[in-house]
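Visitor: After the sequence you'll find the predicted model.
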Amino acid sequence: MERKRRGPGAGRDSAPRSGNPRKDKGAPRREKGGTSGRRSEGGANTGDVSREILLNIFIQEPKKVFTYRQLHRRLGITAKEGREEVSGLLKKMSKNGELIFLPDDSYILNPEFRESLERSTNRPERSSRRESERGAATVSRRGGPTIVGKVDLANARHAYVVSEESEQDIRVPVERLMFAMDGDTVRVQLRRSRRANERPEGEVVEVIQRQREEIVGRLQMSKGYGFIVPDQKRMYFDVFVGERGLADAKHNDKVLVKVTDWPEDPEKKPTGEIIRVFGPAGEHNAEIHAIMAEFGLPFEFPESVEKEAEAIPEGITQEEIAKRRDFRAITTFTIDPADAKDFDDALSMRQLENGNWEIGVHIADVTHYVQPGSKLEKEAYRRATSVYLVDRTIPMLPERLSNGLCSLRPHEDKLTFSVVFEIDDNAKIHEYWIGRTIIHSDRRFSYEEAQQVIETSEGDFSQEILKLNELAKKFKDKRFQNGAVNFETIEVKFKLDENGKPLHLYVKERKDAHKLIEEFMLLANKYVAEHVYKQRKGKNKLPMVYRTHGAPDPEKLMNFSMFARRFGYKVELEEGRDISKELNKLADQTLGKPEQSVLQSLAIRTMAKAKYSTEEEGHFGLAFAHYSHFTSPIRRYPDMMAHRLIHQYSQKDFTAEKEEFEERSLHSSDMEKRAADAERASIKFKQVEYISGFIGQQFKGIVSGLTDWGMYVEIEENKCEGMVRLADLQDDFYELDAANYRIIGQNNKRIISFGDEVIVEVKAANVLERTIDLTLIDTVKK
């Protein structure tokens with residue numbers, strides 16, 4: 001099923017790769033009648049909270065990671081005053097070396113502090129005061145300071161440890177990683193640098209928390225045992241599997257292995273057992289299932305969740321209708337992809353007596369059906385987003401909800417959460433209203449059908465669609481006048497046969513029908529965010545889940561400006577210039593040219609990544625001061641949070657816990673990235689499989705990346721990217737000139753630069769490795 005993309009703000013905000021490489025327990029029992037502490041209204045005795053009480057929680061479970069919310073529950077704290085006191089104590093304990101503050105805003109007991117407690121217990125004559133007063137950068141028993149951070153696995157040779165305790169990332173060779181993997185929290189011991197400006201190096205002395213202990217790969221069999229070769233290219237070790245752990249898997253099967261033993265000796269291999277067999281490597285379902293497992297995507301809903309969904313009544317009571325604004329008599333329709341089943345937005349339209357237009361943006365009222373604390377709610381939070389792989393959708397909600405109860409299907413009464421605007425012919429908004437509604441969709445349009453109405457001015461509801469399109473264009477013009485950035489991301493789509501084999505590959509084209517829907521979704525998302533932000537004056541704002549996008553990094557902008565000049569484009573991005581205007585000018589100048597994809601992708605990479613946050617930081621790309629995601633609650637958990645908060649704020653004296661929603665926003669951002677990575681992996685797999693049918697054929701492409709060992713070329717016709725290895729260039733020995741984004745022949749001085757057009761031949765396509773090898777035939781003269 002095709003994802004319902006809504007453009008730069010409502011769809012994916014990250015850019016494609018291009019360019020050069022780089023069980024909570026209950027609260028403790030309290031004595032009755034205690035009155036010594038301060039009592040906060042609606043909360044616990046904050047005076048009962050002390051360093052000793054907090055420390056005891058960590059000592060009881062020394063290897064458990066605690067979030068703020070988990071600690072508040074343990075302590076029975078609900079009031080703001082109590083939460084602030086706990087936060088202050090935790091920061092002091094972290095500074096004193098008793099706890100370790102982890103990058104995801106959680107804490108764990110410092111193992112070295114635990115050892116010092118044990119030593120002081122065994123030798124009471126020695127004071128532990130010095131131990132507890134040490135700073136966060138402690139000293140390891142092996143000598144040298146240590147810090148805590150997260151592993152960023154760069155390649156199969158080294159990783160970086162990213163820590164708030166160090167301005168620079170710490171480089172760690174893989175042989176000193178203690179088999180830590182990407183995202184693991186580790187303690188790293190710093191090594192003394194030989195030169196003053198040299199990047200700090202270190203070695204991992206402890207893996208504090210592993211993100212996962214399951215690895216996807218291919219089984220390579222020997223007599224009575226096997227090794228799992230990981231799919232992830234950056235992985236630097238295989239996993240040994242003994243005869244008892246093979247689970248009837250065969251040689252070259254794609255499998256999921258659970259590591260059961262992590263050796264301390266780097267010369268040994270981790271040991272594991274196979275827990276899932278996907279089938280022969282290279283086979284469609286085996287590879288897609290392997291991608292799902294690699295990124296931790298669910299294969300099915302728990303039975304209890306499905307049962308809860310099936311138990312929800314289908315009918316709408318008169319009592320429920322009476323609570324809502326009724327739009328059933330007003331012209332309403334949906335516009336979605338042709339193969340879509342989860343219709344989560346609809347538009348209604350009518351002309352008012354004053355000549356203005358009442359336009360309703362109606363969104364599926366998911367939170368009416370998914371109640372807080374329910375199994376459905378917990379599963380939706382866990383998944384946080386629907387995932388769209390090349391051949392399937394992994395939904396956030398069970399089909400009973402996503403394609404049934406919540407889907408705004410035509411000719412059915414449906415419950416919605418709406419933003420209703422009064423708009424004049426100049427796209428000026430005079431009034432707006434936000435609340436729960438009931439609608440009855442008169443027509444379901446595909447994008448192609450709506451586009452035909454726009455182009456021919458004929459068909460069902462043509463007057464409404466043409467007026468909506470006219471207003472949408474005016475809203476778009478206003479956005480760009482206010483500084484929105486006009487970059488279009490390229491989306492590759494496949495036509496597959498019944499066995500999943502790619503028959504055709506094409507680049508999806510966004511036309512006026514897509515942009516019409518996008519503009520009204522952006523408008524609703526913007527007004528929802530502003531509505532909540534303006535409800536309370538001063539600094540004490542009501543918590544809201546925002547979609548934020550920071551301004552570009554100035555240094556990255558200047559580097560990009562110099563790079564663009566190599567293509568003949570003058571982009572003035574220094575401080576004080578109108579960055580959005582300059583970037584939009586570049587977008588217009590490169591439209592339809594070979595370098596469009598490369599330059600726009602690199603420009604997007606200069607910007608911060610969009611994320612979910614309770615901090616109202618604004619959205620640079622859309623030029624909105626406040627922006628939220630509200631319009632896709634069937635497939636995005638943050639939209640569900642926005643719906644719930646808006647409804648609760650309409651009730652009297654309701655205040656949400658900002659900390660809780662910030663935690664949920666962080667989780668949603670993480671899951672969004674995981675989904676995007678999985679989608680890219682599935683696209684790459686199908687691109688390699690598709691291009692394998694064109695071995696020996698020549699294509700025009702553009703140099704999209706350069707490394708010491710080769711150059712990446714993106715084929716213009718189908719956007720498949722492969723590598724020309726420098727060692728295969730027969731006319732000379734080529735070296736990378738990284739500073740100038742080019743390779744140079746040592747003798748003939750031939751130069752091939754990033755962005756050059758070239759002719760390449762498809763040499764090989766390895767589906768198992770997901771790689772494409774190309775041969776350089778010629779360069780295209782400029």
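Guide: Ah, there it is. Residues are numbered from 1 along each chain as shown.

Visitor: from here on, contacts and neighbour counts on C-alpha atoms
Guide: Fine.

Visitor: Report the central residue of the chain.
Guide: Lys673 (2.0 Å; Cα atoms, centre = their mean).

Visitor: roughly how far is the particular helix or strand that has that residue in it from the heart of the chain?
Guide: Taking DSSP states H and E as the definition, Lys673 sits inside helix 658-691. The chain centre lies 5 Å from the centre of helix 658-691; the measure is Cα atoms, centre = their mean, to the nearest Å.

Visitor: Toward the C-terminus from it, list the very next helix or strand.
Guide: strand 698-706.

Visitor: partners of that next one, with directions?
Guide: strand 710-715 (antiparallel), strand 757-766 (antiparallel) (DSSP bridges).

Visitor: which parts of the last one are buried?
Guide: What that stands for is strand 757-766. By 16 or more other Cα atoms under 10 Å, the buried positions in strand 757-766 come out as 757-765.

Visitor: Around Glu575, how many other residues sit close by?
Guide: As a burial measure, Glu575 scores 10 neighbours (other Cα atoms under 10 Å).

Visitor: Can you tell me the closest non-neighbouring residue to it?
Guide: Pro554 (7.4 Å; Cα to Cα, 6 or more residues apart in numbering).

Visitor: just to revisit the earlier point, of the strands paired with strand 698-706, which approaches Val162 most closely?
Guide: Among these, strand 710-715 comes nearest to Val162, with 28.2 Å by Cα to Cα.

Visitor: what separates the closest one from the chain centre, distance-wise?
Guide: Relative to the mean C-alpha coordinate of its chain, strand 710-715 is positioned 26 Å out (Cα atoms, centre = their mean).

Visitor: Pass me the low-pLDDT residue ranges in the stretch 1-150 of the chain, would you?
Guide: For the stretch 1-150 of the chain, the stretches with pLDDT under 70 are 1-48, 103-104, 118-144.

Visitor: give me that answer again for 90
Guide: Within the stretch 1-150 of the chain, the segments meeting pLDDT under 90 span 1-146.

Visitor: what do you get for the stretch 601-750 of the chain?
Guide: Those would be 601-609, 616, 650-658, 704-705, 717, 730, 737-742, if you go by pLDDT under 90 across the stretch 601-750 of the chain.

Visitor: The helix or strand hosting Leu90 packs against which elements?
Guide: Leu90 is part of helix 80-95, with elements assigned from DSSP H and E. For helix 80-95, the packing partners by 3 or more Cα pairs under 8 Å, 6 or more residues apart in numbering; DSSP states H and E come out as helix 68-75, strand 99-102.

Visitor: Among those, which comes closest to Lys495?
Guide: strand 99-102 (44.3 Å).

Visitor: in the helix holding Lys673, what counts as buried?
Guide: 658, 661-669, 671-672, 674-676, 678-691.

Visitor: what about the residue nearest to Ala329 when sequence neighbours are not counted, neighbour count?
Guide: Spatial nearest neighbour of Ala329, chain neighbours left out: His440 (7.6 Å); criterion: Cα to Cα, 6+ apart. For His440, the neighbour count with other Cα under 10 Å is 23.

Visitor: what sits against His440?
Guide: 327-329, 332, 410-414 (Cα atoms under 8 Å, 6 or more residues apart in numbering).

Visitor: gap between it and Asn56?
Guide: Applying Cα to Cα, to the nearest Å, the value for His440 to Asn56 is 58 Å.

Visitor: for Gln232, same thing?
Guide: Taken as Cα to Cα, the span from Gln232 to Asn56 is 40 Å.

Visitor: between those two, who's got more neighbours?
Guide: Comparing Gln232 with Asn56 by other Cα under 10 Å, the one with more neighbours is Gln232, at 15 against 11.

Visitor: so which helix or strand takes in the more buried one?
Guide: Applying DSSP H and E, one finds Gln232 in no helix or strand.

Visitor: Need phi/psi at it.
Guide: phi -70, psi 120 (degrees, to the nearest 10).

Visitor: And the strands in the stretch 51-200 of the chain, which stretches?
Guide: 66-67, 99-102, 106-109, 138-139, 145-153, 158-162, 170-173, 185-191 (DSSP state E, counting those that start in this stretch).

Visitor: closest one to Glu81 among those strands?
Guide: strand 66-67 (17.6 Å).

Visitor: just checking, what packs against the closest one?
Guide: strand 106-109.

Visitor: Show me how far the strand it packs on is from its chain's centre.
Guide: The answer for strand 106-109 is 24 Å, by Cα atoms, centre = their mean.

Visitor: Name the strands paired with that strand and say parallel or antiparallel.
Guide: strand 66-67 (antiparallel), strand 99-102 (antiparallel).

Visitor: give me every residue that touches Asp413.
Guide: 328, 438-441.

Visitor: helices or strands next to the helix holding Lys673 in the packing?
Guide: helix 284-294, helix 375-383, strand 387-388, strand 502-507, strand 611-613, helix 637-649, strand 757-766.

Visitor: Would you list the strands that the helix or strand just after the third one pairs with, along with their directions?
Guide: Toward the C-terminal end, the helix or strand that comes next after strand 387-388 (DSSP H and E) is strand 393-394. The pairing partners recorded for strand 393-394 under DSSP bridges are strand 387-388 (antiparallel).

Visitor: so for the partner strand, what's the average pLDDT?
Guide: Averaging pLDDT along strand 387-388 yields 96.

Visitor: And for stretch 398-411?
Guide: Here the average pLDDT along stretch 398-411 is 96.

Visitor: Report the beta-bridge partner residues of the residue nearest to Gln351 when sequence neighbours are not counted.
Guide: Among residues not flanking Gln351 along the chain, Trp357 sits closest, at 4.6 Å (Cα to Cα, 6+ apart). Under DSSP bridges, the beta-bridge partners of Trp357 are Gln351, Ile423.

Visitor: what's around Trp357, how many residues?
Guide: Per other Cα under 10 Å, the neighbour tally for Trp357 reads 21.

Visitor: For stretch 54-64, list every residue counted as buried.
Guide: Applying 16+ other Cα under 10 Å to stretch 54-64 flags 54-55, 57-58 as buried.

Visitor: Please work out how many residues are found near the residue nearest to Leu89 when sequence neighbours are not counted.
Guide: Residue nearest to Leu89 in three dimensions, not counting chain neighbours: Arg51, with 6.4 Å by Cα to Cα, 6+ apart. By the criterion of other Cα under 10 Å, Arg51 has 12 neighbours.

Visitor: Many thanks, I have nothing further to ask.
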